[in-house]
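**Q** what's the 3D shape of this:
(one chain, ligands or ions: 1)
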Amino acid sequence: MSTTVEEKDRPRQSGATPSGGGPAGPAEAAGPAPGTGGGTAAGESDGFDQDLLPAPRNAPRRLLLSLVRPHRATVALAAVLLLLQQAAVQAGPLLVAIAIDRAVPAAAGGDYGPVTAVALVYLACAAGSGVLLYGFITVSARACQGLLLDLRGRIYRQAQALSLDFHDRYTSGRLISRSTSDVQSLRDLMDEGLQELVIVTVSVVYIVALLCYLDIGLGGAALFSFVPLALLVRGFRRRSGVLFSRRSSAIATVIVKFNETLNGIRPVQAFRRERRNDEEFRTLNKHHERVNGGTILELARFVVTSRLIANTVTAGVVLWGAYRVAEGELALGVLAAGALYLRRLYDPLDRFAMILNYYESATASLHKIAGLLAQRPDVPEPERPVTLPGRPADRPGREVVFEDVSFSYRTGGEVLPRFSLTLRAGETTAVVGATGAGKSTLAKLLARFYDPTGGRVLMDGTDLRELTTPELRRGVVMVTQEAFLFSGTVAENIALGKPDATREEIEAAARAIGAHEFITALPEGYDTDVRKRGGRISAGQRQLVAFARVLLADPSVVILDEATSSLDIPGEKAVQRAMATALRGRTALVIAHRLSTVVTAHRVLVMSAGRIIEDGSPAGLIADGDGQFSDLHRAWRDSLV
Ligand SMILES: Nc1ncnc2c1ncn2[C@@H]1O[C@H](COP(=O)(O)OP(=O)(O)OP(=O)(O)O)[C@@H](O)[C@H]1O
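**A** Here you go, the predicted model:
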């Protein structure tokens with residue numbers, strides 16, 4: 001039966017401090033208590049706000065412009081179509097005025113020419129505006145679709161590009177919320193509101209201009225009514241902006257909870273957390289509902305007040321106009337056209353509130369998306385990248401040097417105090433130590449998931465920070481405990497590190513690792529979809545696929561976080577053989593959980609509280625007899641008999 005380091009080491013932690021052999025890579029400077037910083041919950045200690053990430057003030061505007069830029073020709077065409085369409089629509093009341101004041105009196109005198117002409121122009125305008133509106137809607141919808149497609153793609157690319165440090169702090173549920181509900185708010189604005197907003201804006205300009213043309217008094221009254229309406233809109237926007245930002249955060253917390261529950265569905269069911277989760281979910285849902293209710297109330301207030309203003313202005317203008325008609329100062333047709341125009345001016349007010357709603361909701365979402373897109377990876381690409389020096393054919397792997405390295409996670413104290421360590425080319429180094437000792441952190445520095453806080457990590461003398469990501473990933477491959485399989489076929493999963501590999505190469509790698517037999521026994525062999533029925537692959541088999549991946553990718557340095565889950569003896573033997581094949585001829589750092597792995601390594605490092613406290617060959621450390629590793633080895637051996 002296999003035994004993990006943790007199982008045997010944990011009880012010892014509370015007891016005596018380890019004795020014996022000092023570290024070969026000495027810890028040279030003492031920092032704050034190591035290992036103390038790990039437990040801090042993301043975002044609590046450094047004011048990291050997941051919903052309002054720091055971004056320049058103009059980031060949303062710049063984002064919008066950059067999204068529109070590729071579609072500017074389509075947007076310009078849409079604008080021209082709209083201007084023509086509105087000209088056709090707004091000609092209606094003007095034609096009514098002409099008909100009443102000129103064409104009808106002419107017809108009364110027996111001349112039907114003007115009436116016929118007005119009627120024909122009216123018909124042409126109606127038909128033309130329909131065609132133009134169709135053109136505007138299809139053209140602008142095309143631009144909006146392209147824009148949203150681009151935005152979602154950017155969020156996805158950004159999510160992949162940002163460093164682990166960011167993902168440690170920004171929950172995946174929030175990322176999902178940004179690319180779903182926040183993008184949806186923008187889509188709502190574009191589908192439901194933006195076209196209308198543009199139509200309303202253009203129509204307002206046309207109507208006011210036509211009213212002024214017909215009668216400056218009527219135009220002045222319409223303009224004057226915009227003062228209280230503008231104040232109303234300003235107040236509405238201020239209040240609803242806050243509410244929409246809260247609403248977007250509230251829906252994000254609902255999605256985060258949902259996501260967390262589904263990701264942890266096994267522990268949720270195993271520990272009977274369903275009822276508690278239900279309660280927590282209900283609270284979050286209620287909060288969302290309350291915030292949403294606030295936005296609806298705000299909308300209702302706006303609609304009622306704006307209607308009141310509009311009706312008062314219309315009634316006042318009609319009364320005043322009637323008086324002027326009676327006095328002979330205004331033609332009846334002009335008053336009729338004026339009343340029609342005022343109706344057209346104020347009619348969209350109810351819809352305008354809805355549009356403003358969409359607008360505010362979209363603005364709040366755009367701010368959040370812009371904040372996310374403005375983040376720069378903590379592990380940046382080098383400005384002047386270098387390539388790794390060529391490797392002599394007779395030398396396996398590459399030399400790795402941790403030079404005066406120290407490391408703290410952003411959210412806590414120093415996890416690795418300053419140390420230096422050299423991993424000789426072609427050697428397998430096993431790292432053991434209690435949970436939280438810093439083994440994974442050491443491995444992540446070598447994979448450059450993080451950059452050291454102090455010092456450098458060098459591969460054959462080249463600082464990892466000077467390598468481009470593709471160059472680094474060609475040189476260093478990390479195999480994680482869970483040996484993750486992506487959706488796709490077994491063959492595609494093996495070819496992950498070398499997508500252009502031929503089927504022969506894939507099969508050769510699988511054969512060398514000892515995975516060929518189980519793969520050919522799958523329903524469709526190498527073409528079996530790992531996520532489909534029949535494609536279920538056991539934990540041990542997943543590890544074999546991961547080793548075949550390494551063999552095919554052929555990196556110089558391999559980091560292996562050995563799986564903790566115990567396998568049966570034949571299974572473990574197969575994995576052990578596969579590991580030996582995958583690591584042969586490479587420099588390997590293995591976070592070891594099995595005795596069999598440790599004793600076959602060239603070298604063992606024992607870590608405790610961020611420091612390397614023992615360093616030597618397995619046989620040498622065992623022979624020492626009084627170190628932590630020899631105790632561990634004794635306990636392991638005893639557990640196997
Ligand atoms: N993302 C993180 N943010 C903050 N602290 C972290 C983070 N990851 C690990 N830590 C802390 O760093 C310390 C070292 O953790 P690390 O995961 O390297 O230990 P380990 O030896 O690999 O443990 P295990 O064997 O349990 O995986 C611990 O105190 C841990 O709480």
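**Q** all strands of the stretch 301-450 of the chain, in order?
**A** With DSSP state E, counting those that start in this stretch applied, the stretch 301-450 of the chain shows strands at 400-408, 414-423, 428-433, listed in chain order.
**Q** List the buried residues for the helix or strand hosting V104?
**A** Counting by DSSP states H and E, the element that carries V104 is helix 104-108. Residues of helix 104-108 classed as buried: none (neighbour count, 16 or more other Cβ atoms under 10 Å). In this view, the C-beta of every residue, glycine as well, is placed from N, C-alpha and C.
**Q** Which secondary structure elements does that helix sit against?
**A** For helix 104-108, the elements it packs on are helix 113-161, judged by 3 or more Cβ pairs under 8 Å, 6 or more residues apart in numbering; DSSP states H and E.
**Q** what mean pLDDT would you report for the helix holding V104?
**A** The predicted model assigns helix 104-108 a mean pLDDT of 86.
**Q** my guess is G241 meets E360, correct?
**A** Yes - with contacts defined as Cβ atoms under 8 Å, G241 counts as touching E360 at a distance of 5.3 Å.
**Q** Neighbour count: these two, which is higher?
**A** E360 (26 against 16; other Cβ atoms under 10 Å).
**Q** quick one: the more buried one and the ligand, what's the gap?
**A** 36 Å (Cβ to the nearest ligand atom, to the nearest Å).
**Q** ok, now which ones touch that residue?
**A** Contact criterion Cβ atoms under 8 Å, 6 or more residues apart in numbering gives 237, 240-241, 243-244 as the residues in contact with E360.
**Q** Which one of the residues you listed is nearest to the ligand?
**A** Ranked by distance to the ligand (Cβ to the nearest ligand atom), those are led by F244 at 32.3 Å.
**Q** Over to the closest one. Which of the three states is it?
**A** With DSSP: H, G, I helix; E, B strand; the rest coil as the basis, F244 sits in helix.
**Q** any idea of the pLDDT on the closest residue to V121 other than its chain neighbours?
**A** In space, not counting the residues next to it along the chain, V121 is nearest to L95; the distance is 6.2 Å by Cβ to Cβ, 6 or more residues apart in numbering. Per-residue confidence (pLDDT) for L95: 88.
**Q** In terms of model confidence, name the weakest of the contacts of E360.
**A** Across the set of these, G241 stands lowest in pLDDT, at 75.
**Q** Beyond the helix or strand that contains that one, next helix or strand please.
**A** Here G241, judged by DSSP H and E, is contained in helix 216-263. Moving toward the C-terminus from helix 216-263, the first helix or strand encountered (DSSP H and E) is helix 265-270.
**Q** Can you list the buried residues in that next one?
**A** Under the neighbour-count criterion of 16+ other Cβ under 10 Å, helix 265-270 has V268 buried.
**Q** Kindly report the same for stretch 477-486.
**A** Quick answer for stretch 477-486 (16+ other Cβ under 10 Å): 477-479, 481, 483, 485.
**Q** Among those, name the ones in strands.
**A** Counting by DSSP state E, the members of the buried residues of stretch 477-486 that fall within strands are 477-479.
**Q** Whichever residue of the stretch 101-250 of the chain sits closest to the ligand: neighbour count?
**A** Scanning the stretch 101-250 of the chain for the residue nearest the ligand gives D168, at 4.0 Å (criterion: Cβ to the nearest ligand atom). The burial metric for D168, expressed as a neighbour count using other Cβ under 10 Å, is 15.
**Q** Give me the pLDDT value at it.
**A** Value listed for D168 in the pLDDT field: 76.
**Q** could you point out which element follows the host helix or strand of it?
**A** Element membership for D168 (DSSP H and E) is helix 164-169. Beyond helix 164-169 on the C-terminal side, the first helix or strand identified by DSSP H and E is helix 172-177.
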